[in-house]
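**Student:** Predicted structure and sequence below. I'll ask about it afterward.
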Amino acid sequence: MTKSSMEQSKVVSPVEWLAARKDLLKKEKEFTRLRDELSRQRRELPWEKVEKSYVFDGPKGKETLADLFGGRSQLIVYHFMLGPDWKEGCPSCSYISDHIDGSVVHLAARDVRLAVVSRAPLAQIEAFKKRMGWRFHWVSSNATDFNYDYQVSMTKEELSKAEVYYNYTIWFKLTDRTYYGTIITIGGAILTVILNFILIPVAGYYGSSLATALVYFAMMVACYFFGQKYYPIPYKVFADSMYIIGAILIIYLINGIKIESLYISFVFHSAVILAFSAVAFQIEKKGIRQS
């Protein structure tokens, strides 16, 4: 607060100040709740698969994007504003970076690696880093399209068209784990064939349907447990289980109702499915709208 603004501030009694403070506190609480909700929605953003190869210049040589993880499953990239022709780094970035070194050990304890990326050549980065006394990991993206691909650097054409937006750059490493999907898929296919040989002679096409349902359920369970082990996601397990159990019960009940007319049977079964879907939608509509 500047001196002039302090001189212009209104001076009131303690009672009046407390009343004004309580009014402001209501707005602060509202802001906190809105921020928490925004943070929740940010966490639920979909992930983007990275298929392009990026190679950075690091203190010990070339580093790929996967190398930046440093053996961790999660990576936070801080885009430090230091361009190829800049004499020194951005003042605001420098202020933030003064506080990075102390956080590195705490992030590592949570399986997170923090790396700083700038477009300046490595020699320029190293000189400025030494001048500022920083120790964190800092690499150059000068020879890559990394900054442009992730909208933290813009071409003159993009700036002239005002087609600019900023993207968070928090990464999760799935490298060397996606083969589980292949194993589960192949295992599911083999199990489907085996169960079809066993169940079709006993129950006909119902046996085939049952085999497929059992295999898909087994694959779903396997995917869930492997996923929670390596990449935990807060699924609503209880609610989802209730939907599955409810669907099974409904199928069991309607199959026990014998309707001679094929047309009436089709209409009845379709109406039950639509009713179940409508109930599920009513329960989940708040979450659907927010997503």
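**Tutor:** That came in fine, so what should we check first?
**Student:** all contacts plus neighbour counts: C-alpha atoms, from now on.
**Tutor:** OK.
**Student:** Domains in the protein, by residue range?
**Tutor:** Annotated domains of the chain cover 55-172, 177-235, 236-291 [automatic domain parsing].
**Student:** Reformat those as JSON lines; add mean neighbour count and distance to L45.
**Tutor:** Listed next are these as JSON lines, based on neighbours: other CA atoms under 10 Å; distance: least, CA to CA, whole Å:
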{"stretch": "domain 55-172", "mean neighbour count": "16", "distance to L45": "11"}
{"stretch": "domain 177-235", "mean neighbour count": "14", "distance to L45": "12"}
{"stretch": "domain 236-291", "mean neighbour count": "11", "distance to L45": "8"}
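**Student:** can you tell which of these is closest to K27?
**Tutor:** Evaluated with CA to CA, the domains of the chain place domain 236-291 nearest to K27, the distance being 22.5 Å.
**Student:** and the closest one, how far from the chain's centre?
**Tutor:** Distance, stretch centre to chain centre, for domain 236-291: 30 Å (CA atoms, centre = their mean, to the nearest Å).
**Student:** Tell me who's in contact with N142.
**Tutor:** F56, D57, P84, S118, R119, A120, P121 (CA atoms under 8 Å, 6 or more residues apart in numbering).
**Student:** Out of these, list just those in strands.
**Tutor:** F56, D57, S118 (DSSP state E).
**Student:** low-scoring stretches of the stretch 101-250 of the chain, by residue?
**Tutor:** 158-178, 230-234 (pLDDT under 70).
**Student:** For the closest residue to L122 other than its chain neighbours, give the beta-bridge partners.
**Tutor:** Leaving aside its sequence neighbours, L122 sits nearest to S140 (CA to CA, 6 or more residues apart in numbering; 5.3 Å). Beta bridges link S140 to D57, S118, judged by DSSP bridges.
**Student:** which other residues reach stretch 95-103?
**Tutor:** Against stretch 95-103 from outside (CA under 8 Å, 6+ apart): W134, R135, F136.
**Student:** just the residues you listed now: which is nearest V12?
**Tutor:** W134 (46.8 Å).
**Student:** Does S53 fall in a helix, a strand, or a coil region?
**Tutor:** coil (DSSP: H, G, I helix; E, B strand; the rest coil).
**Student:** Test my guess that M154 contacts D145.
**Tutor:** No: if you go by CA atoms under 8 Å, M154 and D145 don't touch, sitting 10.6 Å apart.
**Student:** show me what contacts L195?
**Tutor:** S208, A211.
**Student:** That one looks like it's in a helix, true?
**Tutor:** Yes: counting by three-state DSSP, L195 is part of a helix.
**Student:** quick one, which of the domains of the chain is nearest to S9?
**Tutor:** domain 55-172 (29.0 Å).
**Student:** picking up where we left off before, who are the contact partners of the residue nearest to L122?
**Tutor:** F56, D57, G58, V117, S118, R119, A120, P121, L122, I125.
**Student:** And for F56?
**Tutor:** Counted by CA under 8 Å, 6+ apart, F56 has contacts K62, E63, T64, L65, V139, S140, S141, N142, A143, T144.
**Student:** nearest to V50, of the residues you listed?
**Tutor:** Comparing those against V50 with CA to CA places L65 closest, at 9.6 Å.
**Student:** How much space separates the closest one from I283?
**Tutor:** Using CA to CA, to the nearest Å, L65 is found at 41 Å from I283.
**Student:** can you map out the strands along the stretch 101-250 of the chain?
**Tutor:** Taking DSSP state E, counting those that start in this stretch, the strands of the stretch 101-250 of the chain run over residues 112-118, 138-140, 170-172.
**Student:** Packing partners of the first one?
**Tutor:** Okay, so that is strand 112-118. In this structure, strand 112-118 packs against strand 74-79, helix 101-108, strand 138-140, with contacts taken as 3 or more CA pairs under 8 Å, 6 or more residues apart in numbering; DSSP states H and E.
**Student:** if we compare these, which one ends up closest to I244?
**Tutor:** Taking the helices and strands packed on strand 112-118 one by one with CA to CA, strand 74-79 is closest: 32.5 Å.
**Student:** to the chain's geometric centre, what's the distance from that closest one?
**Tutor:** In terms of CA atoms, centre = their mean, the centre of strand 74-79 is set 14 Å apart from its chain centre.
**Student:** That one vs helix 101-108, what angle?
**Tutor:** 150 degrees (axes from the mean of the first three to the mean of the last three CA atoms, to 10 degrees).
**Student:** so strand 74-79 versus strand 112-118, what angle?
**Tutor:** 20 degrees.
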